[in-house]
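> prediction below, plus the sequence it came from.
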Amino acid sequence: MEIVRLFSQIPSVNDVSLTSNGIFLKKYAVELKKAGLNRINIGCDTIYDSTYKNLNRIKDGLLLAKKVGISPIKLNMVILKDVNEDQFEPLLAFCEEHGFILQVIELINTNKAFFTKYHYDLSSLENNIAQRASKVITRDVQDRKQYTLDSGVVVEFVNPVHNSRFCAKCNTLRVTNDFQFQPCLNRQDNLVPVGEEIEESLKLAIQRREPFNVRKKNKK
């Protein structure tokens with residue numbers, strides 16, 4: 001709450017967003033809105049209890065967040081092979097009913113064995129949605145497409161780094177939980193510890209930025 005309030009009070013900051021699993025959203029949605037939260041991304045992979053991040057656990061919190069005016073609300077769905085492919089249409093219907101955005105995320109290869117077992121290629125699913133869409137826009141961030149269906153529901157696909165769109169226009173810089181700048185989501189070898197001279201650490205982190213997919217090609 002304190003972090004949201006702190007950033008929302010900075011005059012030059014006009015958009016404060018939060019990513020969460022949503023477990024405590026019902027408890028804190030009202031206070032988060034009062035603190036200045038504009039929008040929220042919530043991890044939600046299934047309708048029922050087959051995964052930890054399921055709609056049953058967070059539905060009340062989502063509806064309360066909508067009621068108090070947090071908008072847009074986006075559900076982040078990571079599709080895993082033989083786990084939750086069949087949950088896409090039910091979650092799409094829920095988003096359609098409540099005016100939420102469904103963001104479908106393709107698994108990133110951070111663990112080879114896990115990736116081999118569970119990776120699900122989103123190409124066919126995205127092609128299907130593209131054919132059903134009445135409107136398609138391309139977001140500037142990561143050159144990512146948003147598909148609007150006739151019902152008004154918006155679906156967005158997040159492709160992994162093997163798709164050049166993922167890195168092409170990335171302008172994100174992260175701070176890790178042990179207080180280091182992370183220039184790239186997919187790398188751990190170029191972290192910059194945040195020292196007393198924060199501006200110098202920030203400049204160094206920016207200098208270390210490069211598209212991950214370009215780096216992979218250069219190493220071959």
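On my side now, so go ahead.

> number of residues surrounding Ala113?
7 (other CB atoms under 10 Å). Yep, even glycine has a C-beta here, placed from its N, CA and C like the rest.

> ok, now which ones touch the residue most central in space within the chain?
Geometric centre of the chain, nearest residue: Asn76, 5.9 Å, by CA atoms, centre = their mean. Residues counted as contacts of Asn76 (CB atoms under 8 Å, 6 or more residues apart in numbering) are Thr19, Asn41, Ile42, Gly43, Cys44, Gln103, Ile105.

> likewise for Val194?
Val194 sits in contact with Val175, Phe179, Gln180, Phe181, Ser201, where contact means CB under 8 Å, 6+ apart.

> buried among these? Need that as a selection in ChimeraX.
Restricted to buried positions by 16 or more other CB atoms under 10 Å, the ChimeraX selection for those reads:
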select :180,181,201
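
> if we can go back for a sec, just the element for the residue nearest to the centre of the chain, please.
Using DSSP states H and E, Asn76 maps to strand 73-79.

> for the helix ranked longest in the chain, name the packing helices and strands.
When the chain is parsed with DSSP state H, its longest helix is helix 55-68. Counting contacts by 3 or more CB pairs under 8 Å, 6 or more residues apart in numbering; DSSP states H and E, helix 55-68 is packed against helix 25-35, strand 39-43, strand 73-79, helix 88-98.

> tabulate these (CSV), appending distance to Leu185 and mean pLDDT.
Formatted as CSV, the helices and strands packed on helix 55-68 follow (distance: least, CB to CB, whole Å; pLDDT from 0 to 100):
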stretch, distance to Leu185, mean pLDDT
helix 25-35, 24, 97
strand 39-43, 15, 96
strand 73-79, 14, 96
helix 88-98, 24, 97
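
> including distance to His119, could those go into TSV?
Below are these laid out as TSV (distance: least, CB to CB, whole Å):
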stretch	distance to His119
helix 25-35	29
strand 39-43	18
strand 73-79	9
helix 88-98	16
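
> tell me what angle the strand holding Asn76 forms with helix 55-68.
160 degrees (axes from the mean of the first three to the mean of the last three CA atoms, to 10 degrees).
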